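Student: sequence below, structure please.
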Amino acid sequence: MTTSGKIAPLGYLSDQETKVDLLNNEAIARTIVRLINETVDSAVTIGVHGDWGAGKSSVLEMVEAAFPNGGDVLCLKFSGWQFQGFEDAKIALIEGVVNGLIEKRSLATEAADEVKRVLKSVDWLKVAKKGGGLALTAFTGIPVVGLDDLVGSAVDYVKSVVTDKDAREAAVKQIEEFKKEKGDKPAGRSVPTEIREFREAYKELIKKAGIKRLVVLIDDLDRCLPQTAIETLEAIRLFVLWDKTAFIVGADEGMIEIAVRDHFKNLPEIDLSPNNARDSGQNYTRSYLEKLLQVPFRIPALGETETGIYVTLLLLGRVLGENSPEFLELLALGKAALGKPWEGKGIDHDAIKTAAGKRFDEIVDAMTLADRVSPVLAAGTKGNPRQIKRFLNALALRLAVAQARGFGDAIEEPRLAKVMLAEMFLHPTVFDHIATTAASSEDGICPEIALIEKIAAGSAKPDAAGDEEATPEAGNPVIDEWKTRPDVLRWAAVKPDLGAVSLKPYLFVIKDRKNYLGSAAPLPPKLAALLEKLLGGDMSAKGALADVKSLNLPEAVLLFDALRKKVREASNVEARPAAIPGAAVVVEAHPSLQGRYVDILEALPPDRVGLWVASGHAFVTDAAPKARIEALREKWKKATKNPLLRAELEPKKPARGGRGHGNV
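Tutor: Prediction:
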């Protein structure tokens, strides 16, 4: 949808790894490739670390692209996540490396003897796994046993741990059949001997392949269950000391550390107290990973400038096509800007116009959107590329649905984007207030938005020292809280403004996550229970004072707004509405809401109020709201036809020798 209100088609941004580098992570990939080429005579293990969605898979794709098929470096890719739940991850990796080497270098016929030797060794490791995992712990040393001993151990192990009769018999039968198939093994052979022979056969296979380096890319390890992750890492240890083999592992270190702790159950608990200078459990998990992955590369989160460039390239690539000559020029501009992110400069707009040429008009709206949403996306997503894509895809999807439902000009892309930024990246209580206030008002407007937008734009000062009425937002507890929050101010500064716009159409579009329209959004259980007490009469309301005091301000505002709605729904205000005592208790517990309490009184029809309005407001002590009540007393006195109420609203004469107090 354009800024004029016309919906334009928006493409889906794929979350799959890509060889098109919008993040300038190509520098990491090039460095890894250089390291591999400069260490061909030794083994190396490399870790590509980063948070979920940071771009690890894309870096591995770039490394793979640097080693095309047929060269002297053979690149194989492995995902433990794909094998999870189907077979042992150790065997899957070992067999995957061997089979990949055989297939990609056509060694089945050229090196038939070596292939036969190494595949027999893999089979041997498989039966060892069936014997309780004996051989696969042999990387750190196991007892020497022959084939008969190993099979016997496997059978004994199965009989002792498998309780299901059918499963037990099937496992024993499988092990014994393996013994028949491998009966040509000389007696007395040990599992460590078999592993040594596997290594030797593997080295011969590398020689026959005629390659200077085998590179194995392991991706999605942090998606795996802890057992799968550990088994994959243990399998890597089999290759670690072998010349010409390089492993590149893409994983979040934090997730791998969790897997290590899960695997080694007896590690001490991590002590995060300030006085704990060293934690043995945490140090072990770090050491385990550091020993295995010799060279770590970490993909940093995007800053605000980098996020702006990334979002711009995403949106422009979606409009122009990533393979178009115009976008390729823009991509070069983006990479140049990413070369000095500390300068805080994005891609120059004049340069974009020149690069886009005749297609510039097609990308104007995308550029505007990128400029507007980038600051909030940078903070809200903490610079995570996947989260940024998810936001843009959600925006595109909702726009498409709005278009299909015929909402037309009622939904504008930049305004929907700003509403969604609040929905996804502001504190839930902030957005709940915006949405519930807009949904319950006739015009669909949340008045606090206009106030905070003025403050964020600099046209209203956050504080007016010594003058509570200096600005419209003075005395508004919501604004008092919002203006202390950098995330809210950052969001409020995003254009266009929403302060004078009905949000109801936008709340309808986003109701796939939460419906604020049709019926009021339910209060959280804690607040709903308090609301019931506050509506139960004077004694019940006063008894809830301590619980109301324990609420934070946003919670108190939600509760107060629920009470205010109850007052508005009252059909007869000559009798005191049931919500008034509860509202008084909330204001007593949170004095910053005094102005809101007076708002309730000012909304009452002055000619229909009852005797109750003349007193019971002593908890209103601040000067500004107290003055407003005095003005209301005059208004009620003039409008009412009730002589008793008029008499009660008359100013009281001071007592002799004392001072008058009034009935406030």
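Student: check which helix or strand the closest residue to residue 553 other than its chain neighbours maps to.
Tutor: Counting by Cβ to Cβ, 6 or more residues apart in numbering, residue 553 lies nearest to residue 481, which is 5.3 Å off, once chain neighbours are set aside. No exception for glycine: its C-beta is placed from N, CA and C like everyone else's. Using DSSP states H and E, residue 481 maps to helix 477-482.
Student: and the average pLDDT for that helix is what?
Tutor: Throughout helix 477-482, pLDDT has a mean value of 84.
Student: same check on stretch 229-249?
Tutor: For stretch 229-249, the mean per-residue pLDDT is 76.
Student: related to what we said a few turns ago, buried set for the helix holding residue 481?
Tutor: 477, 478, 479, 481, 482 (16 or more other Cβ atoms under 10 Å).
Student: least confident secondary structure element in the chain?
Tutor: helix 147-161 (a mean of 53; mean pLDDT, DSSP states H and E).
Student: rewinding a little: so what touches the helix holding residue 481?
Tutor: Around helix 477-482, the neighbours that count as contacts under Cβ atoms under 8 Å, 6 or more residues apart in numbering are 430, 433, 448, 451-452, 455, 473, 488-489, 492, 553-554, 557, 590, 592-593, 595-596.
Student: so after that helix, what's the next helix or strand?
Tutor: Once the chain leaves helix 477-482, the next helix or strand it forms, by DSSP H and E, is helix 486-492.
Student: ok, residue 201 - contacts?
Tutor: Shown in contact with residue 201 (Cβ under 8 Å, 6+ apart): 114, 117, 118, 121.
Student: what's it sitting at in phi/psi?
Tutor: Note on residue 201: backbone dihedrals following degrees, to the nearest 10 are phi -60, psi -40.
Student: ok, the residue nearest to residue 553 to residue 592 distance?
Tutor: For residue 481, the distance to residue 592 (Cβ to Cβ, to the nearest Å) stands at 9 Å.
Student: try residue 398
Tutor: On the measure of Cβ to Cβ, residue 398 and residue 592 end up 36 Å apart.
Student: for those two, indicate the residue with more neighbours.
Tutor: Between residue 398 and residue 592, counting by other Cβ atoms under 10 Å, residue 398 is the more crowded of the two (21 against 17).
Student: okay, now the sheet partners of the host helix or strand of residue 247, with direction.
Tutor: For residue 247, the element it lies in under DSSP H and E is strand 245-250. Looking at strand 245-250 with DSSP bridges, its partner strands are strand 44-49 (parallel), strand 213-219 (parallel).
Student: in TSV, list the contacts of residue 201 along with pLDDT and secondary structure.
Tutor: Below are these laid out as TSV (pLDDT from 0 to 100; DSSP: H, G, I helix; E, B strand; the rest coil):
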residue	pLDDT	secondary structure
114	72	helix
117	75	helix
118	77	helix
121	71	helix
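Student: out of the residues you listed, which is most surrounded?
Tutor: The residue in the contacts of residue 201 with the most neighbours, by other Cβ under 10 Å, is residue 118 (26 neighbours).
Student: where's the residue nearest to that one when sequence neighbours are not counted relative to residue 115, distance?
Tutor: In this structure, residue 118 finds its nearest non-sequential neighbour in residue 201, 4.0 Å apart by Cβ to Cβ, 6+ apart. Computed with Cβ to Cβ, the distance linking residue 201 and residue 115 is 9 Å.
Student: which stretches of the stretch 501-650 of the chain have low pLDDT?
Tutor: Scanning the stretch 501-650 of the chain for pLDDT under 70 picks out the ranges 518-521.
Student: change it to 80
Tutor: 512-523, 571 (pLDDT under 80).
Student: show me where it has helices.
Tutor: Residue ranges of the helices in the stretch 501-650 of the chain, as given by DSSP state H, counting those that start in this stretch, are 504-509, 525-534, 538-543, 545-549, 553-569, 580-589, 594-602, 623-639, 643-649.
Student: residue 196 should be in a helix, yeah?
Tutor: Yes: assessed with DSSP: H, G, I helix; E, B strand; the rest coil, residue 196 lies in a helix.
Student: returning to that earlier point: so what sits against both of residue 481 and residue 592?
Tutor: In terms of Cβ under 8 Å, 6+ apart, residue 481 and residue 592 are both contacted by the residues residue 553.
Student: how about the helices in the stretch 351-500 of the chain?
Tutor: With DSSP H, counting those that start in this stretch as the criterion, the stretch 351-500 of the chain has helices at 360-380, 385-404, 413-425, 428-440, 447-457, 477-482, 486-492.
Student: distance to residue 569 added to those, as CSV?
Tutor: Putting those into CSV (distance: least, Cβ to Cβ, whole Å) gives the following:
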stretch, distance to residue 569
helix 360-380, 36
helix 385-404, 32
helix 413-425, 27
helix 428-440, 11
helix 447-457, 20
helix 477-482, 22
helix 486-492, 30
